[in-house]
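A.B. asks: The following comprises the amino acid sequence and a computationally predicted model.
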Amino acid sequence: MGILNVTPDSFSDGGCWLDPGRAVEHGLALAARGADMVDVGGESTRPGARRVPVEEELARVLPVVRGLARQGVLVSIDTMRARVAEAAVDAGARIVNDVSGGRADEAMAKTAARAGVPFVVMHWRGQSQGMDDLAGYGDVVAEVVAEVGRQMDAVVSAGVDPEQVVLDPGLGFAKGRSDDWALLAALDAWAVLDRPLLVGPSRKRFLGELLADPATGEPRPARERDDATSAAAVLAAAQGAWAVRVHEVRAAADAVRVEAAVRAHRMTA
Ligand SMILES: Nc1nc2ncc(COP(=O)(O)O)nc2c(=O)[nH]1
């Protein structure tokens, strides 16, 4: 899943694709470089981000969703708003990716149900302003899986077809320093929910901290975390992830193809 943030303030690529024409070009480039789908988002979800008015979010994403869908790209809409999801599906989006898993907008689950498209339910504990202090787990893997399981039950009871649900551990969302690593190291724990898993490690803080400058302790800059992202992508693929959400598609797509080749060889050996 290639990331296409049409925002001025996303943490690693904010402002690059605000022009719809450039955004569509970049989405096509992501598809050409190996993305099976392109995730279009019009509202940054980085910690501390302020909400964007719905009209502004619509204005940012709809021309891009339309332009990409028209060219045959499988488009996912990254939004917490039912109204944006509905308009994006009308414009050709075929997946609804809601980082709040239907919790930020009570109309979202019914909208996703009506749209009849795959619905990503990500682990989320609250809006970006206070997200970091919503961390705090005893057993992060067990608790996150349980919380997402409950959220999946909630959207299914609102009418979403369980077969359409995709789950996501929400790396970087209400997670402390070691939580992201614990989750990435134990994706097999999600098998209990028996749903495809989307994982989003790309350029995130836990990678930056791992790669911090030994002299200064400064985290590696976000744009210099793509190699680590590709490594995380392989580890997710090796644990059976359905998809990995990344900025630098070519590197990650090539890396997971290596993993698939090794896995295929093992099966035939
Ligand atoms: N399903 C899903 N969607 C997401 N959307 C935005 C971000 C934040 O990263 P960005 O600002 O680089 O898009 N991360 C996720 C994620 O981990 N999973």
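C.D. replies: The structure has been received and is ready for your questions. Numbers count the residues shown, from 1 in each chain.
A.B. asks: Could I get the full set of helices for the stretch 151-269 of the chain?
C.D. replies: Using DSSP state H, counting those that start in this stretch, the helices found in the stretch 151-269 of the chain span residues 179-184, 205-210, 226-238, 249-268.
A.B. asks: Is any residue of the third one near the ligand?
C.D. replies: No - using C-beta under 6 Å from any ligand atom, helix 226-238 stays clear of the ligand, coming no nearer than 10.2 Å. All C-beta spots, glycine's among them, are computed from the backbone N, C-alpha and C.
A.B. asks: Quickly note the distance from residue 70 to residue 97.
C.D. replies: According to C-beta to C-beta, to the nearest Å, residue 70 and residue 97 sit 20 Å apart.
A.B. asks: Name the residue of the stretch 51-200 of the chain that lies nearest to the ligand.
C.D. replies: The minimum distance from the stretch 51-200 of the chain to the ligand, using C-beta to the nearest ligand atom, falls at residue 200 (2.2 Å).
A.B. asks: Skipping its backbone neighbours, what lies nearest that residue in space?
C.D. replies: Nearest non-adjacent residue to residue 200, counting by C-beta to C-beta, 6 or more residues apart in numbering: residue 245, 4.0 Å away.
A.B. asks: That neighbour: neighbour count?
C.D. replies: When neighbours are counted by other C-beta atoms under 10 Å, residue 245 registers 27.
A.B. asks: ok, now residue 47?
C.D. replies: Using other C-beta under 10 Å, residue 47 is surrounded by 16 other residues.
A.B. asks: Can you say which helix or strand has it in it?
C.D. replies: Residue 47 belongs to no helix or strand when assigned by DSSP states H and E.
A.B. asks: The ligand contacts on the stretch 51-200 of the chain?
C.D. replies: With C-beta under 6 Å from any ligand atom as the criterion, the stretch 51-200 of the chain meets the ligand at residues 78, 97, 99, 120, 122, 168, 170, 171, 198, 200.
A.B. asks: 5 Å - rerun?
C.D. replies: Contact residues (C-beta under 5 Å from any ligand atom) of the stretch 51-200 of the chain with the ligand: 97, 99, 120, 122, 168, 200.
A.B. asks: So which of the residues you listed are in strands?
C.D. replies: Per DSSP state E, strands hold the following members of these: 97, 120, 122, 168.
A.B. asks: export the residues you listed to JSON lines and tack on neighbour count, distance to residue 20 and pLDDT?
C.D. replies: As requested, those are exported to JSON lines (neighbours: other C-beta atoms under 10 Å; distance: C-beta to C-beta, whole Å; pLDDT from 0 to 100):
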{"residue": "97", "neighbour count": "26", "distance to residue 20": "19", "pLDDT": "98"}
{"residue": "120", "neighbour count": "28", "distance to residue 20": "24", "pLDDT": "98"}
{"residue": "122", "neighbour count": "25", "distance to residue 20": "26", "pLDDT": "98"}
{"residue": "168", "neighbour count": "27", "distance to residue 20": "27", "pLDDT": "98"}
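A.B. asks: Throw the residues you listed into CSV and include distance to residue 134, thanks.
C.D. replies: Shown next, in CSV, are these (distance: C-beta to C-beta, whole Å):
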residue, distance to residue 134
97, 20
120, 20
122, 14
168, 16
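A.B. asks: who's in contact with the nearest residue to residue 242 once chain neighbours are set aside?
C.D. replies: Spatial nearest neighbour of residue 242, chain neighbours left out: residue 196 (3.3 Å); criterion: C-beta to C-beta, 6+ apart. For residue 196, the contact set (C-beta atoms under 8 Å, 6 or more residues apart in numbering) comprises 166, 167, 242, 243.
A.B. asks: Inside strands: which ones of the residues you listed?
C.D. replies: Under the assignment DSSP E, the contacts of residue 196 contribute 166, 167, 243 to strands.
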